[in-house]
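> what follows is a predicted protein model with its sequence.
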Amino acid sequence: MAQSLAKILIHTIFSTKDRRPFLRDQSLREELHHYLGGILAKHDCQPIIVGGVEDHVHILSTLSRTREAAEVVKEVKRGSSLWLKSKSSDLSNFAWQNGYGIFSIGFSQVSTVRKYIAGQPDHHRKVSFQDEFRNFLKRYEIEFDERYVWD
């Protein structure tokens, strides 16, 4: 085959440092979600949906066949952090947590994950970010140490 083709779908989750509610303002949060999508596109990763609440984001996107997941997440967090800090003096202390979760999904799961991300505000009226993230780690059978998951 002369051409290399791929469609790798990923669900990425990361929170603000110490889960501080920096993203309370809905219009800022929506603007951030678009900005995150733009960063992904610059790295040849197609954003499908970006959503979240005041203390964390969920991203459903493709992963470019020529990029490493860690490199993409690093650039998304770096670029968006710099952008947020430039938006307001209230955000001068903004930071993302050091870590992140990234999970593969199948093409048949796109609709379900899309709805899940779109429904984050309702979801988090019942479930905390920590419980949500623990559930992802358990579902994907990822061993973890509570002492190092939260920062």
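That came in fine, so what should we check first?

> packing partners of the host helix or strand of L82?
If you go by DSSP states H and E, L82 is part of helix 69-87. Applying 3 or more C-beta pairs under 8 Å, 6 or more residues apart in numbering; DSSP states H and E, we find helix 69-87 packed against strand 8-15, helix 26-42, strand 56-63. Placement of C-beta: from N, CA and C, glycine included.

> which one of those is the most hemmed in?
Mean neighbour count (mean count of other C-beta atoms under 10 Å) peaks for strand 56-63 among those, with a mean of 22.

> export that one to PDB, keeping only CA atoms.
In PDB, the C-alpha atoms belonging to strand 56-63 read as follows (Å, rounded to 0.1, in the frame of the first residue of the first chain):
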ATOM      1  CA  HIS A  56     -12.100  20.000  33.800                       C
ATOM      2  CA  VAL A  57     -12.400  19.200  30.100                       C
ATOM      3  CA  HIS A  58     -13.200  16.200  28.000                       C
ATOM      4  CA  ILE A  59     -12.000  16.000  24.400                       C
ATOM      5  CA  LEU A  60     -13.100  13.500  21.800                       C
ATOM      6  CA  SER A  61     -10.800  13.700  18.800                       C
ATOM      7  CA  THR A  62      -8.800  11.800  16.400                       C
ATOM      8  CA  LEU A  63      -5.100  11.200  17.000                       C
END
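
> who's in contact with the residue lying closest to I8 once chain neighbours are set aside?
Leaving out its chain neighbours, the residue that sits closest to I8 by C-beta to C-beta, 6 or more residues apart in numbering is L63, at 4.3 Å. For L63, the contact set (C-beta atoms under 8 Å, 6 or more residues apart in numbering) comprises I8, L9, I10, C45, A69, V72.

> also Y140?
Y140 is in contact with F103, counting by C-beta under 8 Å, 6+ apart.

> likewise for T62?
Applying C-beta under 8 Å, 6+ apart to T62 gives the contacts K7, I8, L9, I10, C45, Q46, I48.

> what does A41 give?
If you count contacts by C-beta under 8 Å, 6+ apart, then A41 has P47 around it.

> what distance do you get for it to D90?
28 Å (C-beta to C-beta, to the nearest Å).

> V110 too?
36 Å.

> those two: which is more packed in?
V110 (15 against 10; other C-beta atoms under 10 Å).

> circling back to that earlier point, quick check: the two most widely separated of the contacts of T62?
Maximum pairwise distance among those (C-beta to C-beta): 12.2 Å, between I8 and I48.
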